[in-house]
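**Q** no FASTA, just this:
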């Protein structure tokens, strides 16, 4: 299915994609106060490059930010590159 899932543990969280019960992609973040998250790392397991997993996770983070009225600080170079390429996501920056 390649659905993006969200796990939050206190002030930390991550978006992830599982394939056949195995985590194949993960994007971590930390809460910065009540109204911001900092995306600090994105990784996709070898063999999954080019499948769009990274962008799917950034898209899910944008949806999460909009739904919860928070902003995103993309410190991760990959996440920042997606924000640079997709003007429609910039409302959450």
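**A** Happy to help now that I have it. Keep in mind the model is a prediction, meaning the values are calculated, not measured.
**Q** can we go C-alpha only for contacts and neighbour counts from here?
**A** Noted.
**Q** who does the top helix by length along the chain touch, helix- and strand-wise?
**A** Ranked by residue count, the top helix of the chain under DSSP state H comes out as helix 53-68. Contact here means 3 or more C-alpha pairs under 8 Å, 6 or more residues apart in numbering; DSSP states H and E; on that basis helix 53-68 packs against strand 4-9, strand 12-19, strand 22-31, strand 36-44, strand 71-74, helix 77-85.
**Q** In the chain, where is pLDDT below threshold?
**A** Residues of the chain that meet the criterion pLDDT under 70 lie in 1.
**Q** So for residue 92, which of the helices and strands packed on helix 53-68 sits nearest?
**A** Residue 92 lies closest, by C-alpha to C-alpha, to one member of these: strand 71-74, at 4.8 Å.
**Q** Sheet-wise, list the partners of that closest one with their directions.
**A** strand 36-44 (parallel) (DSSP bridges).
**Q** sorry, back to before: can you check which of the helices and strands packed on helix 53-68 gets nearest to residue 56?
**A** From the helices and strands packed on helix 53-68, taking C-alpha to C-alpha, the stretch that ends up closest is strand 4-9, at 7.0 Å.
**Q** tell me what the closest one is packed against?
**A** Secondary-structure packing of strand 4-9 (3+ C-alpha pairs under 8 Å, 6+ apart): strand 12-19, helix 53-68.
**Q** With distance to residue 32 as extra columns, can I get those in TSV?
**A** Listed next are the helices and strands packed on strand 4-9 as TSV, based on distance: least, C-alpha to C-alpha, whole Å:
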stretch	distance to residue 32
strand 12-19	10
helix 53-68	13
